[in-house]
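In: Need coordinates for the below:
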Amino acid sequence: MSQDVRRIAICGAGPVGMMLALMLARRGVAGANITLLDARTVEQAVLDPRSVALSWGSRQMMDDAGAWPLPSPATAIHTIHVSRAGQFGRSLMDRAEHDVDALGYVARYGDVVDALARACVRAGIDVMRPARVVAIDEDAAGVVLHLDDGRTVTASVAVQAEGGTFGAQGDKTGAHSRDYGQSAVIARVSASRPVPHRAFERFTSEGPLALLPQAGSDGHQYALVWCARPERAQELLAQGDAAFLAALGRAFGERVGVFTAVSKRTSYPLGLTTDARSTARTVAIGNAAQTLHPVAGQGLNLGLRDAAVLARMLAQGEPLAGFDAMRSSDRSLTVGLTDAMARVFAGTGPVQSLLGLSLGVLDAVGPARRALASVMMFGRR
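Out: Now for the predicted structure:
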């Protein structure tokens with residue numbers, strides 16, 4: 001049995017884990033004292049076709065980490081249009097109100113991983129791929145990570161940064177969990193009258209429907225995230241392209257014209273899990289600490305903010321015991337906001353009329369609209 005000795009071990013070399021490693025390196029931690037472990041090879045991770053939304057604040061972090069621009073250009077979001085199907089009232093957020101280049105960006109997950117992985121190589125960070133952690137032992141002297149091939153990694157601190165999606169997390173005893181009774185249908189779609197750089201969040205009786213601008217080589221113009229009841233999601237997956245596009249048009253409306261093409265569709269179940277527990281030598285960040293509903297695209301951005309705070313604490317030698325308290329305000333606000341959007345806006349009845357009108361009120365009250373946009377870009381600061 002071989003053994004590697006490192007000071008900080010990060011379980012999960014996705015965007016959150018790699019961002020933590022890079023921020024530690026920028027704060028003076030030697031790359032040789034940071035080990036990233038992940039079950040997938042970087043070649044496998046780069047092929048992931050999913051789309052992700054990066055807030056303006058996350059784009060700044062990517063830049064600071066030396067991982068921007070991406071290999072394929074990300075699509076900037078200049079405006080976000082929010083509405084409730086079948087109800088009056090809508091809200092429009094615009095970058096011009098915030099003096100930023102964009103409210104956020106839409107990119108391929110694989111491109112984000114590629115850029116961060118290359119930055120990790122330049123920083124001399126130790127990476128172990130493929131390497132699956134099966135157990136972690138902790139005592140007063142440090143932590144020992146046991147890998148599925150018999151190797152061990154010894155460190156002063158272990159960071160869990162690999163959480164996965166809600167449906168793939170398995171047993172998380174002690175975690176707070178809520179099944180939304182929704183599944184997300186994911187695809188890329190084309191429309192006859194796309195609105196450049198505008199994202200749409202459309203609330204329906206079954207859940208949110210998001211169109212994120214993302215022009216690509218495949219000719220499609222939007223990344224689609226359509227949340228619906230699980231049985232309805234299965235119907236949407238089984239439909240032919242023409243039937244699916246017609247159903248999408250009925251659910252979304254005509255703000256981008258007629259939907260004309262759709263890529264291969266996939267689906268995954270949606271839920272909320274919060275499991276932010278730290279010990280003297282272990283801590284969870286990103287999806288390992290909280291798995292959010294995809295409404296408003298806040299999950300990855302919240303995880304990157306976790307990484308930024310933890311990097312500062314570890315570099316300064318602060319005790320991990322204070323990390324959860326340090327992140328409590330931002331996490332609570334973001335989790336609460338996405339949870340409310342996912343549950344309150346889904347359904348039927350008179351309350352939905354009031355919620356539709358509330359979007360109109362939000363649009364009319366500049367300070368409230370700007371405050372919401374600020375939270376989406378930067379979290380609670």
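
In: counting contacts, what elements does the longest strand along the chain pack onto?
Out: Longest strand of the chain, by residue count under DSSP state E: strand 176-191. Applying 3 or more CB pairs under 8 Å, 6 or more residues apart in numbering; DSSP states H and E, we find strand 176-191 packed against strand 222-228, helix 230-238, strand 259-262, strand 266-274, helix 323-344. In short, each C-beta sits where N, CA and C put it, glycine included.

In: strand partners of that strand, parallel vs antiparallel please.
Out: strand 222-228 (antiparallel), strand 259-262 (antiparallel), strand 266-274 (antiparallel) (DSSP bridges).

In: Which among those is found nearest to G240?
Out: strand 259-262 (9.9 Å; CB to CB).

In: Would you mind pulling the contact partners of that closest one?
Out: 187-192, 219-220, 224, 241, 244-245, 248-249, 252 (CB atoms under 8 Å, 6 or more residues apart in numbering).

In: Please produce a PyMOL select command covering the buried subset of those residues.
Out: Selection of buried members from the contacts of strand 259-262 for PyMOL, criterion 16 or more other CB atoms under 10 Å:
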select buried, resi 187+188+189+190+191+220+224+244+245+248+252
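
In: which among the contacts of strand 259-262 gets closest to G379?
Out: Among those, and counting by CB to CB, the member closest to G379 is L224, at 25.5 Å.

In: so that closest one makes contact with A187?
Out: Yes - L224 lies in contact with A187 (CB atoms under 8 Å); the separation is 4.8 Å.

In: what's the residue closest to the geometric middle of the chain?
Out: Among the residues of the chain, L300 comes closest to the average C-alpha position under CA atoms, centre = their mean, at 2.5 Å.

In: where are the low-confidence patches of the stretch 251-381 of the chain?
Out: Low-confidence segments of the stretch 251-381 of the chain, defined by pLDDT under 70: 345-369, 380-381.

In: and if we set it to 80?
Out: 276-277, 344-381 (pLDDT under 80).

In: Next: the stretch 101-250 of the chain.
Out: Ranges of the stretch 101-250 of the chain meeting pLDDT under 80: 163-175, 216-218.

In: what do you get if the cut-off is 70, keeping everything else the same?
Out: By pLDDT under 70, the weakly predicted segments of the stretch 101-250 of the chain are 164-175.

In: Would you map the strands across it?
Out: 104-108, 126-128, 133-139, 142-147, 152-155, 157-160, 176-191, 198-203, 208-213, 222-228 (DSSP state E, counting those that start in this stretch).

In: Make a markdown table out of these and add distance to G271.
Out: Listed next are the strands of the stretch 101-250 of the chain as a markdown table, based on distance: least, CB to CB, whole Å:
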| stretch | distance to G271 |
| --- | --- |
| strand 104-108 | 24 |
| strand 126-128 | 30 |
| strand 133-139 | 23 |
| strand 142-147 | 27 |
| strand 152-155 | 31 |
| strand 157-160 | 19 |
| strand 176-191 | 5 |
| strand 198-203 | 19 |
| strand 208-213 | 15 |
| strand 222-228 | 12 |
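
In: So which of those strands is nearest V335?
Out: strand 176-191 (9.6 Å).

In: Under a three-state scheme, what state does the residue nearest to the centre of the chain occupy?
Out: With DSSP: H, G, I helix; E, B strand; the rest coil as the basis, L300 sits in helix.
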